[in-house]
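>>> Provided below for reference: sequence and predicted model.
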Amino acid sequence: MFRILILQSSSLTFDLMAERGVALSGEVEYRRRIREELLSKNINPYPHKPIFQPQSLKSILENPVEGAEVALAGRVAGVRRHGGLVFLDIIDDGLRIQASIDKSKTGEIFDFFTRYVDLGDFINVKGVLYRTKRGELTVEVRGLQLLAKSLRAPPVKYGHRLVDPEVRYRKRYLDIMMTPEVRRILEIKFRVLEETRKFMWSKGFIEVETPVIQPIYGGAEARPFKTHVWALGVDWYLRISLELHLKRFIIGGFNKVFEIGKVFRNEDIDAQHNPEFTMMEAYQAYADYNDIMNLTEELISHLAEKVVGKRVVEVPVGEVRERIDLTPPFKRITMYDAFREFAGVDVERLSDEEIRDLLAKNSIQLAGGYDRGRAIVKLFDKLVGRRHLIQPVFVMDYPRSSSPLAKPHRYNPELAERFELFIAGLEIANAYTELNDPVLQAEYFKAEEERRRRGDEEAHPFDWDFVEAMEYGMPPTGGLGVGLDRVSMVLAGVSSIKEVIPFPMMK
RNA sequence: GGGCCCGUAGCUCAGCUUGGUAGAGCGGCGGGCUUUUAACCCGUAGGUCCCGGGUUCAAAUCCCGGCGGGCCCGCCA
């Protein structure tokens, strides 16, 4: 019943491991000996395919028929021996089933299992479904094949959490393997990506792609990653946003485009930030930021419904778990009104002197010199900030000078038509009525360049090529950027962005 | 960048204040056990006490420096 395959030279890998300085604990040595023994008996510990064509565990569990013969494959996650009867847990694709091997019925299989199969090994079994005294659906094993020998024991019992964050994130496969909850949270992230695509497609947006490696970066305020392009002998950058290239699609004549992709910002790593993260940006011709606001709240509530099946979620904010209602319409408030409502400050009427005082009082320093608009945004973060923006809220109408890619407000040239969506204190989305006047755009880039000269490393570099594109004519456009990692945090109810990034950046 | 806390067996942690033979539970291995499911019972192996330096007759323990991690603050979309 076991396939006989080629014997391999086995001392080689052993030497390699020793050379690499890999510690061979007693456990690993023990399992290596089992592997050698199997090879010496012409039993391949790593066959190419299961003998018993495995069904998905999902299909077995969906419609279990007692007495039916089934075959499956999976990892041995638990073993409970009772003399001549052994119960084992097999996990396959995130699901678990129990199997049993009865010595009195299948002595050969029983002996093989107890001799050669350890926790963590992949096996292929066929058998008959029955229910134990306790009523648990179980496969009575009638055929067994070892599919892959594991040389290291699982670090914890299946279902138990790995505690050390260092191990959890660096060896994420173990975290995913051992803890169903970890898998569930990551699946929320992946479903967010999937449902965002479906939603945008259903709205008539075309998914496009734009370059990651660029001679000039832009579309956000951030320090970029630099990378060397060997073929050209130049240093270019990894993108910090998708914005400027997606707008080129609009200029080129695509009316509704979106992209889901990684962007890279050379900044701190903490509970809300990972240097590479996933953005969805969308641009729609003939729309303004009001249309985009409607689209955004529809997207968020759609994701809540499709991904977690509910519109009210619980999210940890500081010490408490907040109940957050994602049912639209979301609250909409202008930034100035938010200042009045949450901080009791009428920022609109403050003189520049008073604003400078407030900056000093809150020990805020502005890179690149004083600018009223930028100062107000900083004060907003400080005075209103996270603690007041728990339920979904669109904060609208930012000071114009803080938003060099947005169109000035139709009723007030001091403001830009821009909004940000906050949920659970997290900045979730950022959107504009896009600037499409190339002369203003050039002017704003120039101001950014000036600010850069004064020492603000995060000011936008002047993108001549983009201005030239706009000079050919760009329709009025609404644009949106959504941080999908943060959306996933809200839906999964977790407080660290690392939870929703499979392999977060580690020092 | 600042403050606080942590680093000891595969995992979770005790021991450190008061310096004197390296500990527990789980896991592993061996044995027992035919309806368990964090199975149970008996036995047993397993250690660069994060690294380096200092004090001391003697350092896991005290001191200094470093590395790694966590939380809070600052910075930051």
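On my side now, so go ahead. Numbers count the residues shown, from 1 in each chain, chains lettered A, B, ... in the order given.
>>> any idea which residue of chain A lies closest to RNA strand B?
As assessed by CB to the nearest atom of the strand, RNA strand B sits closest to residue A:83 within chain A, at 1.7 Å. All C-beta atoms are positioned from the backbone trio N, CA, C, and that covers glycine.
>>> show me what contacts the closest residue to that residue other than its chain neighbours?
Closest residue to residue A:83 in three dimensions, ignoring its sequence neighbours and counting by CB to CB, 6 or more residues apart in numbering: residue A:103, at 7.8 Å. Counting by CB atoms under 8 Å, 6 or more residues apart in numbering, residue A:103 touches A:83-85, A:110-111.
>>> filter the residues you listed down to just the buried residues.
Burial by neighbour count, 16 or more other CB atoms under 10 Å: within these this picks out residue A:110.
>>> sorry, back to before: okay, the residue of chain A closest to RNA strand B: pLDDT?
Model confidence at residue A:83, expressed as pLDDT, equals 89.
>>> where does the closest residue in space to residue A:362 that isn't next to it in sequence land in three-state SS?
Closest residue to residue A:362 apart from its sequence neighbours, by CB to CB, 6+ apart: residue A:382 at 4.9 Å. Put simply, residue A:382 is helix when judged by DSSP: H, G, I helix; E, B strand; the rest coil.
>>> what about residue A:382, neighbour count?
15 (other CB atoms under 10 Å).
>>> was I right about it contacting residue A:361?
No: in terms of CB atoms under 8 Å, residue A:382 does not count as a neighbour of residue A:361; the distance is 9.7 Å.
>>> which secondary structure elements does the helix or strand harbouring residue A:194 sit against?
Taking DSSP states H and E as the definition, residue A:194 sits inside helix A:180-202. Judged by 3 or more CB pairs under 8 Å, 6 or more residues apart in numbering; DSSP states H and E, the packing partners of helix A:180-202 are helix A:172-178, strand A:206-207, strand A:256-264, strand A:276-285, helix A:289-303, helix A:484-492.
>>> all helices for the stretch 301-450 of chain A, in order.
A:335-338, A:352-361, A:372-379, A:438-453 (DSSP state H, counting those that start in this stretch).
>>> now do the phi/psi pair for residue A:482.
phi -120, psi 130 (degrees, to the nearest 10).
>>> and for residue A:454?
phi -80, psi 0.
>>> isn't it right next to residue A:369, touching?
Yes: between residue A:454 and residue A:369 a contact is recorded at 4.7 Å, counting by CB under 8 Å.
>>> pLDDT weak spots in chain A?
Residues of chain A that meet the criterion pLDDT under 70 lie in A:1-27, A:319.
>>> need the contact list for residue A:448.
Contacts of residue A:448 by CB under 8 Å, 6+ apart are A:404, A:459-462.
>>> same check, this time on residue A:162
Per CB under 8 Å, 6+ apart, neighbours of residue A:162: A:155-156, A:168, A:174-175, A:178-179.
>>> can you say which of those are buried?
A:156, A:168, A:174-175, A:178-179.
>>> give me the contact list for stretch A:396-410.
So stretch A:396-410 is contacted by A:219, A:243, A:289, A:293, A:332-336, A:371-374, A:376-377, A:412-420, A:432-437, A:440-441, A:444-445, A:447-448, A:460 (CB under 8 Å, 6+ apart).
>>> same question, stretch A:307-325
A:188, A:191-192, A:195, A:301, A:304-305, A:326-327, A:386-387, A:390-392, A:423-425, A:489-495.
>>> one more: stretch A:288-295?
Contacts for stretch A:288-295 (CB under 8 Å, 6+ apart): A:203, A:282, A:284, A:332, A:394, A:396, A:417-419, A:431-433, A:476, A:478-480.
>>> so what's the residue count around residue A:114?
13.
>>> hmm, residue A:83 and it touching each other?
No: contact between residue A:114 and residue A:83 fails when scored by CB under 8 Å: they sit 10.8 Å apart.
>>> residues of the stretch 401-507 of chain A that sit close to RNA strand B?
A:420, A:427, A:430, A:458, A:496, A:506-507 (CB under 7 Å from any atom of the strand).
>>> run the last query once more with 10 Å
Residues of the stretch 401-507 of chain A lying near RNA strand B by CB under 10 Å from any atom of the strand: A:402-403, A:418, A:420, A:422, A:426-430, A:456-459, A:481, A:483, A:486, A:495-496, A:498, A:504-507.
>>> could I have the buried ones of those residues as ChimeraX selection syntax?
Burial among these is assessed by 16+ other CB under 10 Å; the matching ChimeraX selection reads:
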select /A:402,403,418,420,422,426,427,428,429,430,456,458,459,481,483,486,495,496,498,504
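>>> from the residues of the stretch 401-507 of chain A next to RNA strand B, which ones fall inside strands?
A:418, A:420, A:422, A:426-430, A:481, A:483 (DSSP state E).
>>> ok, the residue nearest to residue A:83 to residue A:259 distance?
Per CB to CB, to the nearest Å, residue A:103 is found 59 Å from residue A:259.
>>> show me which of the contacts of residue A:162 neighbour RNA strand B.
A:155-156, A:168, A:174, A:178.
>>> just put those residues in a markdown table and tack on distance to residue A:39.
Shown next, in a markdown table, are these (distance: CB to CB, whole Å):
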| residue | distance to residue A:39 |
| --- | --- |
| A:155 | 26 |
| A:156 | 30 |
| A:168 | 34 |
| A:174 | 27 |
| A:178 | 29 |
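>>> next, the distance between the ends of stretch A:128-144.
13 Å (CA to CA, to the nearest Å).
>>> and that stretch, is it in reach of RNA strand B?
Yes: shown here: stretch A:128-144 in contact with RNA strand B (CB under 10 Å from any atom of the strand) through A:130-138, A:140.
>>> okay if I get those residues as a markdown table plus secondary structure?
Shown next, in a markdown table, are the residues of stretch A:128-144 next to RNA strand B (three-state DSSP):
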| residue | secondary structure |
| --- | --- |
| A:130 | strand |
| A:131 | strand |
| A:132 | coil |
| A:133 | coil |
| A:134 | coil |
| A:135 | coil |
| A:136 | coil |
| A:137 | strand |
| A:138 | strand |
| A:140 | strand |
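>>> give me the buried subset of the residues you listed.
The buried subset of those - by 16+ other CB under 10 Å - is A:138, A:140.
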